[in-house]
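S.K.: Everything below, folded, please.
(chains A and B)
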Amino acid sequence: MLHRDNRLSDATGGLGDFAMRIQPEIDKANVVFVGDFNPRIFRVDWFAAQGLLPEEEATSAEVDIVHPELSRFSTDWLVVQVERHRFLAETSVPPKIRLADLVVRLFGEYLSHTPVHLVGINRIVHFAVPDMDTLDRIGERLAPQDAWGEWARQIKGSPEHHGGMQSITMQQTLLDDRDKGYIRAKVEPSTKLKASFAVNVDVNDHYVIGNPSDVTGCENAVSLVSNRFEDSLKRSAWIIDQVMALAQKTKNG
Amino acid sequence: MAETASQYIDVGSTRSSWRAESKDDFIEYALKRLARDDSDAVDADLYREGRRSTTNFAVIPIHASESDKMLPVFPPEERRRRPTLVPLQEWEGHVIDISEHHFTARLVDMTRQELIAREEADFELDEVSDPDRDLLREGAIFRWTIGYETAPSGSKKRVSQLVFRRLPKWTKKELAQADRDADKLLNGVNWE
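M.R.: Numbering: from 1, shown residues only, chains lettered A, B, ... in the order given. Reported below is the predicted structural model:
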C-alpha cells in the first residue's frame, strides 16, 4: 500500500517518459468534427439533462451564444463551440481523457446519426524560451534564412523591427493508422504568454472518415476518438518535444 | 471598454493583430460572416477550406469586400480567469473497496505509460468532488492528477485532483467483439 504523501514527493522528482522536456504554460487538447450539426441543440443545460455534464458544472457554465448558426459555452474544464459544419470541444485542464469520454458519449449515445466526415485530434502548446536568441535559433533551424538568398541579410532587421521565421508547417502524410489524413505541426512565435519570448506549436492529427456525401453517421468518428485520443496526444507531445529540443540544444550551446 | 486578448487575422500573406472590443462585438461579427452569401469567389474558397480543415479554429472570411482576410472563430478571451493546473503525474485508478471514510484503488501510472496496475492507494472520501460522488462505486474508473495549480493572481500551490470518468456505455458491437476475444483466449488455453 502506498503512502500518499510519498507519492506526491516522488512525482516532483521526475516526469514520465513521454513528458515534454519544457513544461508548457498553455497545453490544450481539442477534438474537431467536420460534418453537419445543428448548433441550437448544443446547450449546456441539454448536456446536463443527458448526464453528459454534472448539474453543478452546467449551472456555473458561461454561455456565450446559442444561435442557429453558432453555439458556444464553457465550464471550468471545457469549451464547446458548434457551427453548422464544425463541432469543437476543447480542454486545457487535466485529465484530458475527460474530453474524449464526453465526445464519445455525446456522439455515440445521443447524436449517433450525425454525419461526420473529418476528425481532428489537436494539441496546442505554448512554452517560454529564455531569450530572443533562442527564439531566433529555433526559427533559423526550422527555416534557415540563407535559403532566402540575398534577402537573408535583411530579414532579421534591428531589435525594434525584428524579423525572422513567423510560421512554418510540416506535414506527415504516410501513416499506417489511417487510409487518408495527415499530421500537421505548425510552429510560430507565441504572444499568448507573459514571458517575453515564447513558442506556439499546434499539432493537427487529421483523419478522413469518408466523402461528405457518403457518410451517414458518426460511428467511425466516435470509434476513432475512443481508440486513438490518448495515443494521438502522446504522439503530439513527442512532436512538440522535438521543437523543444531545439530550444534546449541552443540554450546549452 | 476593457482591452481584451488579441486575435489574429491573416491579411493576404502577412499577419497582423486584431482586437475585438468585446465578446458581443465578436459574436455579432462572427454571425454576420456566417450568414454571408458565397457569391464572392475567394469567400467561397475560404468557406470550402473551412469545411476541409480540422484545425483548432475555423477560418472564415470577414466579409466579401475584404475577402482575403480571415479570422479565427474563437472570441476574445474576456471570460473570467480560472486557475490553471500543470500536471506532474497522472494515474488511472479503479476502485476496489469503499469504507466509511475512504476508498481503496489500484493504480496504473499513465505518466510512465504503464499498462497494468502495480500500486494501490487509499483516498479520503472527502477528496471526491460533489458532482462525482454518485460515480463512486466498486469498479469505478478515475484519474488522479497531481500538479501545481496557479491562481489568476499568480500564486501557486501543489494540488491532488480526483476526476471520475463518465464512461460511454458498451455498444453491442464492442460486447460482441469482447465475446469473440474471450472465445479466442479460451480456445487458446491448453487444458492439461
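S.K.: A:Gly210 reaches A:His117, doesn't it?
M.R.: Yes. Using C-beta atoms under 8 Å, A:Gly210 makes contact with A:His117 at a distance of 5.4 Å. For the C-beta atoms, the positions are set from N, CA and C on the backbone; glycine is no exception.
S.K.: Have a look at these two and say which one is more surrounded.
M.R.: Using other C-beta atoms under 10 Å in any protein chain shown as the criterion, A:Gly210 and A:His117 rank with A:His117 on top: 23 against 16.
S.K.: in a strand, that's where the more buried one is, yeah?
M.R.: Yes. Assignment of A:His117 by DSSP: H, G, I helix; E, B strand; the rest coil places it within a strand.
S.K.: From what I see, it and A:Thr216 are in contact.
M.R.: No. Using C-beta under 8 Å, A:His117 is not in contact with A:Thr216, being 10.1 Å away.
S.K.: Please name the nearest non-neighbouring residue to B:Glu114.
M.R.: B:Val108 (5.4 Å; C-beta to C-beta, 6 or more residues apart in numbering or on different chains).
S.K.: do the same with A:Gly51
M.R.: B:Arg166 (7.4 Å).
S.K.: Neighbours of the one you found, how many?
M.R.: If we define neighbours as other C-beta under 10 Å, then B:Arg166 has 18 of them.
S.K.: wait, what's in contact with whichever residue of chain A sits closest to chain B?
M.R.: Chain B sits closest to A:Gly120 of chain A, with a gap of 2.5 Å, by C-beta to the nearest C-beta. Each residue near A:Gly120 by C-beta atoms under 8 Å, 6 or more residues apart in numbering or on different chains is listed here: A:Asn30, A:Val31, A:Val32, A:Val34, A:Asn204, A:Asp205, A:His206, A:Tyr207, B:Ser53, B:Thr54, B:Thr55, B:Asn56.
S.K.: swap the cut-off to 7 Å and go again
M.R.: A:Val32, A:Asn204, A:Asp205, A:His206, B:Thr54, B:Thr55 (C-beta atoms under 7 Å, 6 or more residues apart in numbering or on different chains).
S.K.: Run through the bridge partners of it.
M.R.: Beta-bridge pairing of A:Gly120 under DSSP bridges involves A:Val32, A:His206.
S.K.: Tell me how far it lies from A:Val187.
M.R.: 18 Å (C-beta to C-beta, to the nearest Å).
S.K.: what's the answer for A:Ser158, then?
M.R.: Between A:Ser158 and A:Val187 the computed distance is 24 Å (C-beta to C-beta).
S.K.: Please identify which of those two sits among more neighbours.
M.R.: A:Val187 (23 against 7).
S.K.: so that one, which of the three states?
M.R.: Classified using three-state DSSP, A:Val187 is strand.
S.K.: Relative to chain A, which residue of chain B is the closest?
M.R.: Distances between chain B and chain A by C-beta to the nearest C-beta are smallest at B:Thr54, namely 2.5 Å.
S.K.: In contact with that residue, which residues?
M.R.: Neighbours of B:Thr54 in contact, by C-beta under 7 Å, 6+ apart: A:Val32, A:Val34, A:Leu118, A:Val119, A:Gly120, A:Asn204, A:His206.
S.K.: quick check, nearest of the residues you listed to A:Pro24?
M.R.: Lowest distance from A:Pro24 to these (C-beta to C-beta) belongs to A:Asn204, with 16.9 Å.
S.K.: Go ahead and confirm the closest one touches A:Gly181.
M.R.: No. Under the criterion of C-beta atoms under 7 Å, A:Asn204 is not in contact with A:Gly181, lying 9.9 Å apart.
S.K.: can you count the residues close to A:Asp231?
M.R.: A:Asp231 has 12 neighbours, counted by other C-beta under 10 Å.
S.K.: can you check the one 5 residues further on too?
M.R.: Using other C-beta under 10 Å, A:Ser236 has 24 neighbouring residues.
S.K.: what about it, which helix or strand?
M.R.: helix A:219-251 (DSSP states H and E).
S.K.: shaky segments in the chain?
M.R.: Looking at chain A here, since you left the chain open. Along chain A, the model assigns pLDDT under 70 to residues A:1-18, A:249-253.
S.K.: think we crossed wires, I meant chain B
M.R.: If you take pLDDT under 70 as the line, chain B has these spans: B:1-51, B:56-81.
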